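1. Here is a sequence together with a model predicted from it:
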Number of protein chains: 2
Amino acid sequence: MDVSALLTSAGINISVTSLLLSVYSILRKQPSNLSVYFGKRLASVGNRLDDSFSLERFASSSSWIVKAWETSEDEILAIGGMDAVIIIRIIVFSIRIFSIAAIICILLVLPVNYYGNDIIHMEISSESLEVFTIANVEEGSKWFWVHCLALHVISWSACVLLYFEYKSITRTRLAHITGSPPDPSHFTVLVRAVPWSSEHSYSDSVKQFFMNYYSSSYLSHQIVYRASTVRKLMEYAVAFVYFKTRYAAIVAAEVLHSENPMLWVTELAPEPNDVLWSNLCIPYRQLWFRKIAILLAAIAFMIVFLAPVAFVQGLTRLHQLSHAFPFLKGMFKQKYIKQLVTGYLPSVILILFQYAVPPTMMLFSTVEGSVSHSGRKRSACIKVLSFTIWNVFFVNVLSGSIMGQLNAISSVKIILNQLAAAVPIQASFFMTYVLTSGWASLAVEMVQPLGLVYNTMKKCVCRIKEDQPNGFLSFPYHTEVSKLLMFGFLGFICSVMAPLILPLLLIYFVLAYLVYKNQIINVYTTDYESGGKFWPIAHNSTIVSLVLTQIIALGVFGIKRSTVAFGFTIPLIFGTLLFNEYCRQRFFPTFTKMSAQVLTEMDRQDEQGGRMEEIYQQLRSAYCQFRLISQDLCKSGRMDHQGDQNSIRIHSQ
Amino acid sequence: MDVSALLTSAGINISVTSLLLSVYSILRKQPSNLSVYFGKRLASVGNRLDDSFSLERFASSSSWIVKAWETSEDEILAIGGMDAVIIIRIIVFSIRIFSIAAIICILLVLPVNYYGNDIIHMEISSESLEVFTIANVEEGSKWFWVHCLALHVISWSACVLLYFEYKSITRTRLAHITGSPPDPSHFTVLVRAVPWSSEHSYSDSVKQFFMNYYSSSYLSHQIVYRASTVRKLMEYAVAFVYFKTRYAAIVAAEVLHSENPMLWVTELAPEPNDVLWSNLCIPYRQLWFRKIAILLAAIAFMIVFLAPVAFVQGLTRLHQLSHAFPFLKGMFKQKYIKQLVTGYLPSVILILFQYAVPPTMMLFSTVEGSVSHSGRKRSACIKVLSFTIWNVFFVNVLSGSIMGQLNAISSVKIILNQLAAAVPIQASFFMTYVLTSGWASLAVEMVQPLGLVYNTMKKCVCRIKEDQPNGFLSFPYHTEVSKLLMFGFLGFICSVMAPLILPLLLIYFVLAYLVYKNQIINVYTTDYESGGKFWPIAHNSTIVSLVLTQIIALGVFGIKRSTVAFGFTIPLIFGTLLFNEYCRQRFFPTFTKMSAQVLTEMDRQDEQGGRMEEIYQQLRSAYCQFRLISQDLCKSGRMDHQGDQNSIRIHSQ
């Protein structure tokens, strides 16, 4: 691929993106599309929007940019919760680190790459993109210290930025938890695997157990039912147990209760809106097995997915393809078709196929048995991210060799050498990937084509006039976080090798900053949140990217016989891993456990303020398994009864 | 190596073992050696033994065998504690599983191996040992189902036996804990990383913190001091905090206290005798770093250790050696020297070198920062075991190839193929290893040469007459458990490949059963114990052995082109891993955490029996950092003072 092909691709994508954004700025002004583009506002303001909003309707197209730009982090926290803050912080972190990387690499590394070889340079537009990569620097060159220096600067800056981000996010998370109104989930423990007894019902067993061992702090409990097909409620081994203080709840959640660790299993309950009721019915003893089965299924899925990737790989290596199918030769002689096929088509095909991935991973995470929506999204996020990195990066880079040797497990050293040799060459593909999957998909995210079609169908075909609910959307963190991290991954990997990708990435992240802020303010509602638990995923992903970048650079320095650069890269790898271990010790536990000190202080404040009774009242109706009819039932406080409940017929979800 | 060489080796070892055991039965009757062979009894009976003991002195030599055989598990539990029971259970498990393996493999597999090839067999004594291994079965033979069947029987039996062992040991452990007199460590929490404050002393900080958050259950505390070189006590950030109930202690031990997870770090305290005082002074924030550093150091140690192993390897391949050094040729022509060099010398050299390993690993575990003696031994046990398996097994088997390719990381498949090809051939070395390192070292363990020399020196040179203390020995679990597990590992690996090793192993385990029982009854004292935490190590080691056996068998079936056997082995690997995961879920947590239900019941019984005040009294003097002079100080209950303590001058350990 040469510079002009890249420019073609960039041109197409800039046009598409601009077009879509213009379409968006027109569509958003149409009152009929309110529910598509202002779902969040609709949800908070109610069915009809007030007049001030109508005025805004006629504002200029760029108003959303100004609005998104001006919204502060505190406002985002108030509007979208902690998880929304995390996604903005991931973007801000990426903008910062890739600005540093871009300055260093464009100013220092790019000239070294370009003049790294004694070749006569062509006109810049027909220059191959490989000329701008490290592959162009001749073997044994004395200039590799520039790459090594750039790698050091990037790694050190990334670690420093990561440290302060982790620290400040930990503080924000804590302040958010202590500053929010009392959360029922802090008082509630989810008890699974209540042992079966022929003498007592599950409800009696739970009551007896907690009255016995937690007599001073046990408040009440609520058994989880399963609506069976015969419309009768089943007598189930899962319960929510309410405690009088947050501290008592966390103690009950963390202590091992029975001699048999697979009985009386406790954990802190998810927020009421976050509970995934359908998964509560999975017997606890199945969970470990389900997790292993899903792991194997996910690996199998990744392997099956090699087919479309191999096809895409063929398109980027056009000369090989036309060698195999001679009849294509004539077609590829036309310059524009060639540029289109090599520069644009591959990533479009890949993106289309990849639309199947998030729903599949979501399905996997559901089957895995997560008890909360946010936990399921987090688990799906990790799966999508690993999948994307594997399929977009490794398979693309290694496919040539992997395809030929699928039956043999290649040696580590060979794989490393192949990575080192292939990354600079494949960089052009990643650039077009940033253009298509990055820029264009952000514009698509703004326009919300699915929502638009659904809304139009509803209004035109079904003749429904109301703007009201039918599913306000919640933010698809599992796809968006993994997308951002994937681009961060590509950025780190390519930074020193092929720095031309960095400006494209920076534009992507700035655009993402505006688009996601706008979507958080206007579109997505926040019913539940994980409290910032996406940050450890982002942190780990960044560390993996960094270490892999360093290892690949090591490989390149090895191939290019630069012993100095090679030697100076090794301590960097160890340093990064040590830094990660330190962060895991210092910050990570606060994302999995709540500090007893903080919870006790919160309890005391509520006790002194006399708010405890009120909280207990809220608690009684917080976890309502069967909506609608049963809402009254729950509110009346009949929680640990289990007699005639035939009136409850609607099973949520 | 041929059969006669093995018989030579066996002959030498049987003579050595018998000789040593006879020497033992004479030496143990000498009153002057009382402190060497009856340390345990001396410790329990007091300085002078009573008359009944003097009569026993003239009993027949085999009396100790009868006594050891007749001692029941309950007696062992009473005499040596839970850890002693574990070591006996490991031996019993090994005897059971290798009896099954021996029956199956000698009856079915051995004939198949022997007649697996159309060769004319020589006289049995000059037959090569390889004839008895799977290497002798010709490629594509239809008889590999026998090996596959044997592998299935062994794997299934091992899993069933492991399950029932784990179950029964869990029950025994629980009964031991509930049945024992109140243990101060159940009421005590070790607090590390007490934050530094310029206003308060550490002692005041601890008091204030626990009075604030655990006002109802906090009893008192005791700061850990460090005796500095100027004989003044340092003001230290570590404390033992005593609680009023076991339940309160476990809650305080398991909850995350501060927002900063590296402050106020708590864990259940070790037993008073088990505390490793010198390690308490290591700042908590260093621990993670120390662990990583020690891991790297242990790996480096393993690599350095390749040198002696390579030498040993050379001796077993005599023809290669005499090829390299022609002047040795004449020497090796003498039959007996050749048999001695190939059959006996290699493992003797290896054993001598390996005497350096346990102390080194113990040093590593000390530096790592373990706060208890038993924890240090457990950590050293894992290190010694990994080291032995790596050095005795992998390096021996692979050394030919590894030596040549040390700079290249070989591919997984190549390594597997090499393992599969090398194990049957190397089996003869493992047999002599069982004979020398197994049989003979048990006899050496009985005779206690070091103790004997020390005792003689003391009496003859220093003219000390008393039998009294100067170090009663505690059981060296880290060397003995890892030795037993190593032989189990060899047994599993060789069982199907080279079944001749099994009878030798069975003899070893029966001998070990008698020897270790005798040593537990008579020699080693039990000051502290881990409460059976060695069992999970044994379980995991057995699973690793099983899976590796299956994988190597898979490799052999692959090389020998037996698709049926290959196909039937794959599900076995997955089945074993799933079984292990189940055990990890079902049993393992009870070895790391105490069940709240059990502790609460124990608390209630003590409260109802009115024993609590008495326990609190004991608690005040339980953890005594400075022995001798300070014993009175501790007993007087002055624990949380920190004024003038110049009188305390003796620093234990």
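-> Received, thanks.

2. Now do the helices in the stretch 101-250 of chain A.
-> Taking DSSP state H, counting those that start in this stretch, the helices of the stretch 101-250 of chain A run over residues A:110-114, A:144-179, A:184-187, A:202-213, A:246-254.

3. got the residues of the stretch 451-600 of chain A near chain B?
-> With CB under 8 Å from any CB of the partner chain as the criterion, the stretch 451-600 of chain A meets chain B at residues A:578, A:581-582, A:585-590, A:593-598, A:600. Every residue, glycine included, has its C-beta placed from N, CA and C.

4. ChimeraX command to pick out the buried ones of these?
-> Applying 16 or more other CB atoms under 10 Å in any protein chain shown to these leaves a buried subset, and the ChimeraX line that selects it is:
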select /A:582,585,586,587,588,590,593,594,595,596,597,598,600
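
5. all strands of chain A, in order?
-> With DSSP state E, the ranges of strands along chain A come out as A:188-192, A:218-223, A:226-227, A:233-234, A:239-243, A:265-268.

6. touching chain B at all, the last one?
-> Same thing as strand A:265-268. No: using CB under 8 Å from any CB, strand A:265-268 stays clear of chain B, coming no nearer than 9.9 Å.

7. try the first one
-> No: for strand A:188-192, no contact with chain B is found by CB under 8 Å from any CB; the gap never falls below 12.8 Å.

8. for stretch A:358-370, same thing?
-> No: using CB under 8 Å from any CB, stretch A:358-370 never reaches chain B; the gap is at least 13.6 Å.

9. on that earlier part again, output the helices of the stretch 101-250 of chain A as JSON lines; include the columns distance to B:I120.
-> Below are those laid out as JSON lines (distance: least, CB to CB, whole Å):
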{"stretch": "helix A:110-114", "distance to B:I120": "70"}
{"stretch": "helix A:144-179", "distance to B:I120": "65"}
{"stretch": "helix A:184-187", "distance to B:I120": "79"}
{"stretch": "helix A:202-213", "distance to B:I120": "73"}
{"stretch": "helix A:246-254", "distance to B:I120": "71"}
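
10. how about those in CSV, adding mean neighbour count, distance to chain B and mean pLDDT?
-> Formatted as CSV, the helices of the stretch 101-250 of chain A follow (neighbours: other CB atoms under 10 Å in any protein chain shown; distance: least, CB to the nearest CB, whole Å; pLDDT from 0 to 100):
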stretch, mean neighbour count, distance to chain B, mean pLDDT
helix A:110-114, 19, 30, 89
helix A:144-179, 18, 6, 94
helix A:184-187, 24, 14, 91
helix A:202-213, 18, 6, 92
helix A:246-254, 23, 5, 92
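
11. Which positions in the stretch 201-350 of chain A make contact with chain B?
-> Going by CB under 8 Å from any CB, the residues of the stretch 201-350 of chain A near chain B are A:213, A:250-251, A:254-262, A:264, A:288-289, A:292.

12. Return the member of the strands of chain A having the minimum mean pLDDT.
-> The stretch with the lowest mean pLDDT among the strands of chain A is strand A:233-234, at a mean of 52.

13. How much space separates A:N279 from A:I223?
-> Using CB to CB, to the nearest Å, A:N279 is found at 16 Å from A:I223.

14. Next one, pLDDT for the spatially most central residue of chain A please.
-> Centroid-nearest residue in chain A: A:V481, 2.6 Å away (criterion: CA atoms, centre = their mean). pLDDT recorded at A:V481 is 92.

15. My guess is it contacts A:I382. True?
-> No: counting by CB atoms under 8 Å, A:V481 stays clear of A:I382, with 9.5 Å between them.

16. any common contacting residues for these two?
-> A:I537 (CB atoms under 8 Å, 6 or more residues apart in numbering or on different chains).

17. which residues touch the residue nearest to the centre of chain A?
-> With contact set as CB under 8 Å, 6+ apart, A:V481 has these partners: A:86-87, A:90, A:381, A:385, A:534, A:537-538.

18. Show the buried residues in the residues you listed.
-> A:86-87, A:90, A:381, A:385, A:534, A:537-538.

19. and which of these is nearest B:Q618?
-> Using CB to CB, A:I537 is the member of those that lies nearest B:Q618, at 48.8 Å.

20. Stretch A:583-599: end-to-end distance?
-> Using CA to CA, to the nearest Å, one end of stretch A:583-599 lies 23 Å from the other.

21. who touches it?
-> With contacts defined as CB under 8 Å, 6+ apart, stretch A:583-599 is touched by A:162-163, A:166-167, A:170, A:173-174, A:177-178, A:186, A:245-247, A:250, A:254, A:268, A:532-533, A:535-536, A:539, B:213, B:255-262, B:264, B:288.

22. ok, 6 Å please
-> Contact with stretch A:583-599 is made by A:166, A:170, A:246-247, A:250, A:533, A:536, B:255-259, B:261-262, B:288, as judged by CB atoms under 6 Å, 6 or more residues apart in numbering or on different chains.

23. what is the mean pLDDT for it?
-> Mean pLDDT, stretch A:583-599: 91.

24. how far out from the middle of the chain is that stretch?
-> Distance of stretch A:583-599 from the chain centroid (CA atoms, centre = their mean, to the nearest Å) equals 22 Å.

25. repeat for stretch A:98-106
-> 25 Å.

26. who's more crowded, A:N279 and A:I223?
-> With neighbours defined as other CB atoms under 10 Å in any protein chain shown, A:N279 and A:I223 compare such that A:I223 has more, 26 against 21.

27. wait, what's in contact with the more buried one?
-> Under the criterion of CB under 6 Å, 6+ apart, the neighbours of A:I223 are A:202-203, A:239.

28. A:N136 now?
-> A:113, A:116-117.

29. Check A:I573 too.
-> Taking CB under 6 Å, 6+ apart, one finds A:Q550 in contact with A:I573.

30. what about it, distance to chain B?
-> In this view, A:I573 and chain B are 13 Å apart by CB to the nearest CB, to the nearest Å.

31. per-residue confidence for that residue?
-> 94.

32. again with A:H323
-> The model reports A:H323 with a pLDDT of 68.

33. Then A:N391?
-> On pLDDT, A:N391 comes in at 76.

34. wait, what's in contact with A:Y213?
-> Taking CB under 6 Å, 6+ apart, one finds B:T600 in contact with A:Y213.

35. and if we set it to 10 Å?
-> Residues in contact with A:Y213 (CB atoms under 10 Å, 6 or more residues apart in numbering or on different chains) are A:252, A:255, A:257, A:264, B:247, B:596-597, B:599-601.

36. thinking again about what came up before, now which of the residues of the stretch 201-350 of chain A next to chain B would you call buried?
-> A:213, A:250-251, A:254-262, A:264, A:288.

37. Dihedrals phi and psi, the residue lying farthest from the centre of chain A?
-> The C-alpha centroid of chain A is most remote from A:E199, which lies 47.1 Å away (CA atoms, centre = their mean). Dihedral pair for A:E199: phi -90, psi -40, per degrees, to the nearest 10.

38. OK, contacts around it?
-> Counting by CB under 10 Å, 6+ apart, A:E199 has contacts A:S205.

39. what's the spacing between it and A:W439?
-> Where A:W439 is concerned, A:E199 sits at a distance of 66 Å (CB to CB).

40. got it, and A:T569?
-> A:T569 is 32 Å from A:W439, where distance means CB to CB.

41. can you list the weak-confidence ranges in the stretch 1-150 of chain A?
-> Counting by pLDDT under 70, the stretch 1-150 of chain A contains low-confidence ranges at A:1, A:44-61.

42. Which single residue of it approaches chain B most closely?
-> Closest residue of the stretch 1-150 of chain A to chain B, CB to the nearest CB: A:M82 (15.7 Å).

43. Test my guess that that residue contacts A:K533.
-> Yes: assessed by CB atoms under 10 Å, A:M82 is found in contact with A:K533 at 8.7 Å.

44. And those two? Which one has more around it.
-> Using other CB under 10 Å as the criterion, A:M82 and A:K533 rank with A:M82 on top: 22 against 19.

45. Apart from its neighbours in sequence, what residue is nearest that one?
-> Closest residue to A:M82 apart from its sequence neighbours, by CB to CB, 6 or more residues apart in numbering or on different chains: A:G532 at 4.3 Å.
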